[in-house]
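Chemist: All I have is the shape, not the residue letters:
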């Protein structure tokens, strides 16, 4: 076998040098890409860690809020029970006071006629007893000059006492 010609050796060496440069270039790009991927992976890992920490904090905040809302719910339920008990007591009191209220309403309805009766009794009291000069026996068929309470027993008596008007109120 014979040795290759020098031109072919030069071309082969040039080709090998070009392949070697290309391989070095590709290795450099690969190293740069690996560094970029490593940097991005580290950045993503930090970001993932931050997101996990934020998610954990959100979970704790949610748990705190749930606990506060449960406490508020218990307080509200206690308040509702207290108010319901107060309503029941007031309803009971209303039922107890209802007959008295009806009695007071009845008294208020009867007050004007009672006031008129009291005014009439006061007028009669102001007039006073009959003078002694008025005959003690009424005329037959005429109006009576004496006022008396009649129970039937007094009809036997000849003497009737005149009524004296007064109020005890």
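Modeler: Sure, I can see it. From a predicted model like this one, the values you see are computed outputs, not experimental measurements.
Chemist: If you average the pLDDT over the helix or strand harbouring residue 76, what comes out?
Modeler: Per DSSP states H and E, residue 76 falls inside helix 6-127. The pLDDT scores in helix 6-127 average 95.
Chemist: Centre of the chain to that helix, how far?
Modeler: Relative to its parent chain, helix 6-127 has a centroid offset of 20 Å by C-alpha atoms, centre = their mean, to the nearest Å.
Chemist: and if you look at stretch 112-132?
Modeler: On C-alpha atoms, centre = their mean, the centre of stretch 112-132 falls 57 Å from that of its chain.
Chemist: tell me the SS of residue 132?
Modeler: coil (DSSP: H, G, I helix; E, B strand; the rest coil).
Chemist: ok, it to residue 123 distance?
Modeler: Distance, residue 132 to residue 123, using C-beta to C-beta, to the nearest Å: 22 Å. The C-beta positions use only the backbone N, C-alpha and C, and glycine is treated the same way.
Chemist: got it, and residue 2?
Modeler: Residue 2 is 168 Å from residue 123, by C-beta to C-beta.
Chemist: per-residue pLDDT, residue 134?
Modeler: So, for residue 134, pLDDT stands at 56.
Chemist: and what of residue 165?
Modeler: 52.
Chemist: try the one 4 residues further on
Modeler: On pLDDT, residue 169 comes in at 48.
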